[in-house]
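**Q** show me the folded form of this:
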Amino acid sequence: MKKYMSLVLFAHSIFALPFAFIGFFLAVSTTAFEFQWSLLGLMLVCMVTARNAAMAFNRYLDRDIDALNPRTAVRDIPAGRISPKQALTFTLINCAIFIGATYFINPMCLALSPVALFVVLFYSYMKRISALCHLVLGLGLGLAPVGAYMVVTGQFHIIPIFYGLAVLTWVSGFDIIYALQDEEFDRVNGLNSIPANFGGPKALKISEVLHLLSFILVLLPAFYTEVGLLYYLGVAFYGILLIYQHRIVSPTDLSRVDRAFMTTNGIASVIFAVFYLLDIVSGHWLF
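**A** Presented below is the predicted three-dimensional model:
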């Protein structure tokens, strides 16, 4: 189990999971649908298995590329801790569990489950096709709040779509920062990424624009539903942490990329979700 958790970098679930909670409790707090522990559990199963499948498939598909890159040669498949067959089997098992879980949620989630899996699995091919790979990764994680809202309601709604787009632009932005580490490797090996295709300085500018859009998108729900002071405080902290990660990384200094990628973004999503949930619990009485 420890090897498989390392394969899928389970700790990175912290990025999208808080937004899934936002989507779930948005539905519970703004519609006539009631909270159900069973639905919350099934939502978590879907989140974990979809991400497990996506990460394991990525490691399976990229195993030869990872072996060539000194930064990634220590990953589980190139290092021999997990075989390609084991990784692919793990992917298929998680896909099956994901689809099985949606069967017990509602017909809409079941019908759309292959679409969700296609999006999160297709990302692994994108570096071979287009520099837009970062946006496809963001789209995969951006399904979290939309899907979680649908778990409760079986319906689409504009507010979770705003949150989904916020995740899309946020994840795309920080994935561009992370890809700066492999700019030269990607260029030499014919792989597509925004840093490899446009260079580090332009890549950081694109990342900044995406993060500005993400900040705007987390503000937009306030125009469509009642929010209180705690919500705005969460948005403020989210924006500050977006700015911070751009202050600690430059094309000539990548020594703090890991801090920008994992620590700062993990904190940003958790803090925003916590303030969102506190705002719901408080009944917006602070504003």
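**Q** give me the phi and psi for Thr72.
**A** Main-chain dihedrals, Thr72, degrees, to the nearest 10: phi -110, psi 0.
**Q** now do Asp253
**A** According to degrees, to the nearest 10, Asp253 has phi -140, psi 100.
**Q** now it: how far from His134?
**A** 21 Å (C-beta to C-beta, to the nearest Å). C-betas here are computed from N, CA, C, even on glycine.
**Q** repeat that for Gln155.
**A** From Gln155 to His134 the distance is 29 Å (C-beta to C-beta).
**Q** of those two, who's got more company?
**A** Set Gln155 next to His134 and count neighbours by other C-beta atoms under 10 Å: His134 wins out with 30 against 13.
**Q** which residues does the more buried one contact?
**A** His134 sits next to Val171, Ser172, Gly173, Asp175, Ile176, Ala179, Ser193, Ile194 when contact means C-beta atoms under 8 Å, 6 or more residues apart in numbering.
**Q** what's the answer for Leu168, then?
**A** Counting by C-beta under 8 Å, 6+ apart, Leu168 touches Leu135, Gly138, Leu139, Leu141, Gly142.
**Q** confirm it sits in a helix?
**A** Yes. Assessed by DSSP: H, G, I helix; E, B strand; the rest coil, Leu168 belongs to a helix.
**Q** could you give the mean pLDDT of stretch 25-42?
**A** Mean pLDDT, stretch 25-42: 95.
**Q** centre of the chain to it, how far?
**A** 21 Å (C-alpha atoms, centre = their mean, to the nearest Å).
**Q** swap in stretch 21-41?
**A** Distance of stretch 21-41 from the chain centroid (C-alpha atoms, centre = their mean) equals 20 Å.
**Q** list the buried ones in that stretch?
**A** Residues 21-30, 33, 39-40 are the ones in stretch 21-41 that count as buried (16 or more other C-beta atoms under 10 Å).
**Q** longest helix of this structure?
**A** In the chain, assigned by DSSP state H, the helix with the most residues is helix 37-61.
**Q** list the helices and strands that helix packs on?
**A** On a contact count with 3 or more C-beta pairs under 8 Å, 6 or more residues apart in numbering; DSSP states H and E, helix 37-61 meets helix 2-7, helix 17-30, helix 84-103, helix 107-126, helix 133-153.
**Q** just for the stretch 1-150 of the chain, where's the confidence low?
**A** The stretch 1-150 of the chain contains residues with pLDDT under 70 at 1-13.
**Q** can you give me the helices in the stretch 151-287 of the chain?
**A** 158-179, 183-188, 194-198, 200-219, 229-247, 257-258, 265-282 (DSSP state H, counting those that start in this stretch).
**Q** between helix 200-219 and the first one, find me the angle.
**A** Using axes from the mean of the first three to the mean of the last three C-alpha atoms, to 10 degrees, the direction of helix 158-179 lies 160 degrees away from that of helix 200-219.
**Q** roughly how far out does helix 158-179 sit from the chain middle?
**A** On C-alpha atoms, centre = their mean, the centre of helix 158-179 falls 7 Å from the chain's centre.
**Q** in that helix, what's buried?
**A** 159-179.
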